[in-house]
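Visitor: Turn this into a model:
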Amino acid sequence: MRTLLTGAALLAFAAVGWLLFWFLLLVPLVTVTAAVALLLAALVHPVARLLHRLGTPQALAALLSVLLLLTVLGGVGSLVGFRVTARLGDLTAPLAAGIDRIRVWLIEGPLGLDPQQVTGIRNAAVDQLYQLAPAPSAVAQMALSVLAAVVLAVFLLFFMLKDGARMWAWAVSWVPDRRRAQVDGAGHAAWEVLSLYVRGVTVVALIDAVGIGIGLFLLGVPLWVSLTLLTFVGAFVPLIGATVSGAVAVLVTLVTNGPTDAVIVLVIVLVVQQVEGNLLQPLIVGRTLHLHPVAVLVAVTAGTLLWGLAGALLATPSMAVAYRVADHLRTHPPASVERSDAAPGAVPADRPDLVAASGATPVGAVDDVWPPHPHRPA
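Guide: Modelled structure (predicted):
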């Protein structure tokens, strides 16, 4: 009978999980925006915590952290946008010459293609590009969606930094007493791995972008700033992002500077990626994730099929968080004996954040920094 009840409970839990997952897929704008806001909160939380420890009120520290992030992102976007606009006119002639060189190589090179075949390939590529270009109405709708996502992400980020402890304490207060410490510890383990992942990937992406950007700058490749930023962003998508951004850098160099510089950029990209894959990733990120590359590849592929670029970006941290939560629940069974020296509903001294949400009796000092000190099981 007990086995039957356990099986029924597992089936019910799986059904609820599937319904929740299905609902999240129906509202990708909200789901992806909330996930991105959580990643950004993990990234800028050290800044808010430092400001709070220096005496800044929690709300003001959160606001200043959000403004700092928006300033950095806005400044980088403006710099890249202005540079691209200024160089597009200068790139017209080099791009045309580069395309002509590619056409001549296809005809007179080792492939020996017929001129009519080359013309057909060129027309097919142009037609595909025109088909990819969205209609004006679709562009306007996309712009509104992006604006709504940005506004929602900013609000979520602010309140995560400001009220994260109280929100988590409220959620934990709904958990039965026997499993409250277990669930609380799993949440803090998830936050820890997410924070370490975001900061580690940011450091790796910055090193990649600096290495490849210096090479592009020394070779005089046009739009080297934009290509450097693309390399930085691509590093956040494991396995695939670095390959795509490196291929774009090589292709742009081939079209604008010629095959010699393109080969040099290819060597630089390969060297940087080898250093990243064999040294930086295992040293900075690998110890945090504890995931096999095959699992990462499957997660990135599944995320890409579900939500495109956003899914590829969120796949690896989602898998890392799920693994850490499952591992914590496995290694930390629920408490079987309640403390006899504490009043009913009391909370330990190292978890004062539960006081405000659950109304429990405090047993220690209070510190409103988010996340609170991780639970240390007895």
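Visitor: Okay, and the residue nearest the centre of the chain sits in which element?
Guide: With the centre of the chain defined as its mean C-alpha position, the nearest residue by Cα atoms, centre = their mean is residue 313, 4.7 Å away. Using DSSP states H and E, residue 313 sits in helix 309-331.
Visitor: can you check residue 110 too?
Guide: Per DSSP H and E, there is no helix or strand for residue 110.
Visitor: With residue 236 instead?
Guide: Applying DSSP H and E, one finds residue 236 in no helix or strand.
Visitor: List the contacts of it.
Guide: Applying Cβ atoms under 8 Å, 6 or more residues apart in numbering to residue 236 gives the contacts 201, 205, 313. The C-beta positions use only the backbone N, C-alpha and C, and glycine is treated the same way.
Visitor: could I get the residues you listed as CSV with distance to residue 328?
Guide: Output for the contacts of residue 236, formatted as CSV (distance: Cβ to Cβ, whole Å):
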residue, distance to residue 328
201, 22
205, 28
313, 24
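Visitor: Lowest-confidence member of those residues, which is it?
Guide: Lowest-confidence member of the contacts of residue 236: residue 313, scoring 81 (pLDDT).
Visitor: residue boundaries of the helices in the stretch 51-200 of the chain?
Guide: In the stretch 51-200 of the chain, the segments counted as helices under DSSP state H, counting those that start in this stretch are 58-108, 115-132, 136-173, 177-218.
Visitor: tell me how far the last one is from the chain's mean position?
Guide: Relative to its chain's centre, helix 177-218 lies at 9 Å (Cα atoms, centre = their mean, to the nearest Å).
Visitor: now swap in stretch 106-117 and tell me
Guide: Counting by Cα atoms, centre = their mean, stretch 106-117 comes out at 43 Å from the chain centroid.
Visitor: avg pLDDT for it?
Guide: 75.
Visitor: try stretch 206-226
Guide: Rounded mean pLDDT across stretch 206-226 is 86.
Visitor: Check stretch 40-56 too.
Guide: Mean pLDDT, stretch 40-56: 91.
Visitor: Return the set of buried residues in that stretch.
Guide: Neighbour counts using 16 or more other Cβ atoms under 10 Å place 40-45, 47-49, 51-52, 56 of stretch 40-56 among the buried residues.
Visitor: check contacts around residue 211.
Guide: By Cβ under 8 Å, 6+ apart, the residues touching residue 211 are 268, 271-272, 275.
Visitor: again, 6 Å this time
Guide: Residue 211 makes contact with residue 272, according to Cβ atoms under 6 Å, 6 or more residues apart in numbering.
Visitor: do residue 280 as well
Guide: Neighbour list for residue 280: residue 204 [criterion: Cβ under 6 Å, 6+ apart].
Visitor: State the pLDDT value of it.
Guide: 70.
Visitor: Helix, strand or coil: sort out it for me.
Guide: helix (DSSP: H, G, I helix; E, B strand; the rest coil).
Visitor: Would you mind measuring from it to residue 274?
Guide: As defined by Cβ to Cβ, to the nearest Å, residue 280 lies at a distance of 10 Å from residue 274.
Visitor: Leaving aside the residues adjacent along the chain, what's closest to residue 198?
Guide: Closest residue to residue 198 apart from its sequence neighbours, by Cβ to Cβ, 6 or more residues apart in numbering: residue 42 at 4.5 Å.
Visitor: Just want the angle from the strand or helix carrying the one you found to helix 136-173.
Guide: According to DSSP H and E, residue 42 maps onto helix 28-53. Inter-element angle recorded for helix 28-53 and helix 136-173: 50 degrees (by axes from the mean of the first three to the mean of the last three Cα atoms, to 10 degrees).
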